[in-house]
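In: Build me a model:
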Amino acid sequence: MLHVSDLSRPVIVAPMAGGPSTPGLVTTAAEAGGMGFLAAGYRSVEEVVEQVEMVQRAGTTVFGVNLFVPGTRPTSPSDLAAVRTYRDRLVPLARHYGVEMPRLDPDDDRAGTSGADDDGWHGKIPALLDLRVPMVSFTFGCPPADVVSRFHQVGTACLATVTSAGEARRATAAGVDALVVQGPGAGGHRAVFDARANPPEQSLDDLFGAVRSVVDLPLVVTGGLTAPEEVRPWLGRADAVALGTAFLDAEEAGTHPLYRAALHDSRFTQTVVTRAFSGRWARGLRNGFTDAYSDGAPAAYPAVNRLTGVLRAAAARSGDLDNLSLWAGTSWQQTPTGTVAQIMRGLTDGLVA
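Out: Numbers count the residues shown, from 1 in each chain. The predicted structure follows:
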């Protein structure tokens, strides 16, 4: 079974759903002595299988796949009312782009309003078991113990992403092999188990200490680590570091050209944590959309994500950075360019043979 301590270079390219994570990114991360994760989030079962098979055909044996744990909270009438109100706020923007907003029919799961969307969880689990991937990680919740056990039976190691000591205890009780400790500076979605809760603000350093005090598992740290001076203090202290923003502009990443340009655009001066794009807390570059819609965006994933999807697609077609979700960590201004191997060497030079 693969363990994070087996890496010759303790750097993990974090899963980045929505396009940046590619088989090429994952394969080259392994070739550089580190490890990469494919992002199964938002992808169909067939797409996930295709990407895993591409990595396997390349001969890569050190990689993982990240899964979104589906929520279990039922949708209430007040939830639906909040989503409808939010949809009404977005209609003028849809008209601006000449697109139609998704309908809100609580009996139609395609609308994403029922809360029943499991992101293909029940199809992805058996598919990944059949593929015998080296490692899986879980985000947005605690993986069920029986799922962890099934992966162990085929030799797959399991990681869970946690944002508090309490979540760390729950994941450990489920039998995972290691924890990804996500601090508040992380770009993209916060992994907090309770979608309705505010994301913890405990610093990564304090969070690491709190988790270390309650569990005895290998720990991977992540969140706001982009520049070498931010990464290097963790090498040797944690078992590995996981970086997303640092690899957004890597040559092998599937990051949209507009997104790449935004990372180096001087008009963007800060990041914000918002529910405006997906209904879950996520950190990205502050832009027109976050300013206009963060206030009052409901805690309703995947409904909000479905509503804004057509708007984000239209914004991309129009080259409009103000209405794109530009996920990035707090140190996005340090985002390097180059190949995965070059970026990894820049992060660890002189510290890793």
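In: And the helices in the stretch 201-350 of the chain?
Out: 204-214, 228-231, 257-263, 288-293, 303-318, 340-348 (DSSP state H, counting those that start in this stretch).
In: which residues are in contact with the fifth one?
Out: Where contact means CB atoms under 8 Å, 6 or more residues apart in numbering, the residues beyond helix 303-318 that reach it are 79, 83, 86-87, 90, 93-94, 97-102, 104, 111-113, 115, 256, 258, 275-280, 297-298, 320-325. All C-beta atoms are positioned from the backbone trio N, CA, C, and that covers glycine.
In: hmm, back to that, wait, which of the helices of the stretch 201-350 of the chain is closest to P20?
Out: Closest approach to P20 among the helices of the stretch 201-350 of the chain (CB to CB): helix 257-263, 7.9 Å.
In: Pull out the buried positions in the closest one.
Out: L258, Y259, R260, A262, L263 (16 or more other CB atoms under 10 Å).
In: any idea how far it is from the chain center?
Out: Taking CA atoms, centre = their mean, to the nearest Å, one finds helix 257-263 lying 18 Å from the centre of the chain it belongs to.
In: quick one: low-confidence ranges for the stretch 51-200 of the chain?
Out: 72-75, 105-117 (pLDDT under 70).
In: Dump the helices of the stretch 201-350 of the chain to JSON lines, plus distance to Q153.
Out: JSON lines is the format used below for the helices of the stretch 201-350 of the chain (distance: least, CB to CB, whole Å):
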{"stretch": "helix 204-214", "distance to Q153": "27"}
{"stretch": "helix 228-231", "distance to Q153": "35"}
{"stretch": "helix 257-263", "distance to Q153": "39"}
{"stretch": "helix 288-293", "distance to Q153": "44"}
{"stretch": "helix 303-318", "distance to Q153": "33"}
{"stretch": "helix 340-348", "distance to Q153": "32"}
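In: Same list as before, those helices that is, but in TSV and with distance to L129 and mean pLDDT included.
Out: TSV is the format used below for those (distance: least, CB to CB, whole Å; pLDDT from 0 to 100):
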stretch	distance to L129	mean pLDDT
helix 204-214	28	98
helix 228-231	33	94
helix 257-263	33	97
helix 288-293	39	98
helix 303-318	27	95
helix 340-348	28	93
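In: Would you mind telling me which of the ones you listed is nearest R43?
Out: Nearest of these (CB to CB): helix 303-318, 13.8 Å.
In: Surely V154 and L129 touch.
Out: Yes. Counting by CB atoms under 8 Å, V154 touches L129, with 5.5 Å between them.
In: okay, the two: which has more neighbours?
Out: L129 (16 against 13; other CB atoms under 10 Å).
In: In a strand, the more buried one, correct?
Out: No. Judged by DSSP: H, G, I helix; E, B strand; the rest coil, L129 forms no part of a strand; its state is helix.
In: quick one: contacts for it?
Out: R150, F151, V154, T156.
In: redo that, cut-off 10 Å
Out: V136, V147, R150, F151, Q153, V154, T156 (CB atoms under 10 Å, 6 or more residues apart in numbering).
In: now E47
Out: L38, A40, G120.
In: The first one and E252: what is the separation?
Out: Distance from L38 to E252, counting by CB to CB, to the nearest Å: 13 Å.
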